[in-house]
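[1] generate a structure from the sequence data that follows.
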Amino acid sequence: MKTARLVWSGVPCILPWIAVAVVMIVTASVNQVLDLGSLSFDAFAAITDDAVMPSSGDLVSVSKHLLARIAWGVPAIGFALVAIAVMLTTLIVIVSCFGDIPRSERGKYFGFIVLAALALLFIAFYFGDQIMSEPEITTNLRKATVHRTSATYAVSMDSSFDAASYVIFLLLLCAASATLLNSANSTQTVAQLGSRIRQIQWLLYVGATALVFRAIEMYMLYRWPQVWFNSAQADAIDRMALALSTAHGSFFSAILVALYLPAAIVLRLRTKTIAVQAVAGTTEEPEAWLAKAGLKFSPIKEMVNLIAIIAPLLAGGSVAKLVGVLAV
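    I've put the predicted structure just below:
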């Protein structure tokens with residue numbers, strides 16, 4: 001009975017925040033051990049001033065620079081557009097979830113989510129570089145190449161994308177937490193539970209889509225300097241870019257797990273609880289009742305959700321590499 005009351009209370013809304021905090025702490029700890037920031041390379045010694053821009057008479061070189069810019073620009077545009085969709089989706093979910101709660105209880109839940117969001121912003125602002133730091137070698141490569149051309153705007157925009165990524169994490173967390181809010185004096189209806197389950201799934205899908213574009217955009221930015229180097233060095237830069245985008249993709253996937261899994265588990269426990277209560281005193285099985293209510297667990301849907309969760313990891317690795325091959 002106590003467990004049932006806890007599941008139906010608003011307490012579980014803290015679970016996604018705790019899960020994301022754990023992901024960030026573990027990532028920061030691993031990052032500190034790796035100490036990627038200590039890896040450096042004097043790229044300026046390899047690139048002379050007259051080699052910064054390709055010769056107008058060298059079609060091959062001009063083509064390489066053109067493809068590098070387009071290869072970065074396409075996922076950059078995609079990320080920016082999907083980021084807007086994430087913001088709109090999260091706001092809609094938050095408003096919808098708070099609309100199901102009595103006005104007298106909205107203040108405390110709103111206050112909790114605001115405090116949790118401020119705490120996450122504090123962590124991102126002061127410890128963001130420690131969570132996923134960049135090797136000095138890739139920074140130096142961009143300073144010696146991309147920064148010395150008109151395309152330096154791409155590096156500045158990528159820094160803005162870093163901030164946008166944390167805003168996306170923040171909004172998704174707020175919305176995922178809101179899906180678990182519930183009045184202290186009542187349980188949710190079947191319709192409300194079905195709506196919340198669909199909402200947390202849509203949060204997962206739009207979040208995964210944005211982070212897929214972000215992982216590919218990072219790969220294209222990290223590999224961009226290779227157009228200034230010979231084949232062997234270019235291959236080395238490409239491998240570094242792939243390793244970094246894969247690392248970020250794994251971090252993004254871990255964030256999605258932390259966002260989705262706690263909320264999905266709590267919502268499924270609620271559907272199980274309401275099904276048991278609905279069939280009490282009858283011969284009907286809870287699973288049959290859930291099937292009729294449209295709330296039965298679906299392995300196919302969960303497989304889709306799993307694919308969405310690992311999509312940023314795949315995008316930062318094999319997918320980014322495939323896109324990179326097509327952009328050569």
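[2] can you pull out the helices in the stretch 1-150 of the chain?
    Ranges of helices in the stretch 1-150 of the chain, per DSSP state H, counting those that start in this stretch, are 2-8, 15-34, 59-99, 103-131, 136-144.
[3] would you tell me which one of those is buried the most?
    With neighbours taken as mean count of other C-beta atoms under 10 Å, these reach their highest mean count in helix 136-144, at a mean of 19. Every C-beta, even on glycine, is put in place using the N, C-alpha and C of the backbone.
[4] buried sites along the helix or strand following that one?
    Using DSSP states H and E, the helix or strand that follows helix 136-144 towards the C-terminus is helix 153-178. Using 16 or more other C-beta atoms under 10 Å as the test for burial, helix 153-178 gives 154, 157-158, 161-162, 164-178.
[5] would you check how far apart the residue nearest to residue 120 when sequence neighbours are not counted and residue 163 are?
    Distances taken as C-beta to C-beta, 6 or more residues apart in numbering place residue 170 nearest to residue 120, at 5.7 Å, with adjacent residues excluded. Per C-beta to C-beta, to the nearest Å, residue 170 is found 10 Å from residue 163.
[6] ok, now residue 272?
    Residue 272 is 40 Å from residue 163, by C-beta to C-beta.
[7] same question for residue 253.
    Residue 253 is 20 Å from residue 163, by C-beta to C-beta.
[8] now swap in residue 179 and tell me
    Distance from residue 179 to residue 163, by C-beta to C-beta: 25 Å.
[9] ok, now residue 79?
    Per C-beta to C-beta, residue 79 is found 12 Å from residue 163.
[10] with residue 87 instead?
    13 Å.
[11] which regions of the stretch 151-300 of the chain lie under the pLDDT threshold?
    Residues of the stretch 151-300 of the chain that meet the criterion pLDDT under 70 lie in 184-188.
[12] switch the cut-off to 50
    Counting by pLDDT under 50, the stretch 151-300 of the chain shows no low-confidence range.
[13] mind listing the strands for it?
    Counting by DSSP state E, counting those that start in this stretch, the stretch 151-300 of the chain has no strands at all.
[14] so how many other residues sit close to residue 322?
    Here the number of neighbours of residue 322 (other C-beta atoms under 10 Å) works out to 12.
[15] so what touches the helix or strand hosting it?
    Using DSSP H and E, residue 322 maps to helix 320-326. Residues from elsewhere that reach helix 320-326 (C-beta atoms under 8 Å, 6 or more residues apart in numbering): 71, 75, 215-216, 219-220, 223, 238, 242, 245-246, 249.
[16] output it as CSV, restricted to C-alpha atoms.
    Listed next in CSV are the C-alpha coordinates belonging to helix 320-326 (Å, rounded to 0.1, in the frame of the first residue of the first chain):
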residue,chain,number,x,y,z
ALA,A,320,28.7,10.2,-39.0
LYS,A,321,31.5,8.2,-40.7
LEU,A,322,29.1,7.2,-43.5
VAL,A,323,28.0,10.8,-44.0
GLY,A,324,31.6,11.8,-44.0
VAL,A,325,32.5,9.3,-46.7
LEU,A,326,29.6,10.7,-48.8
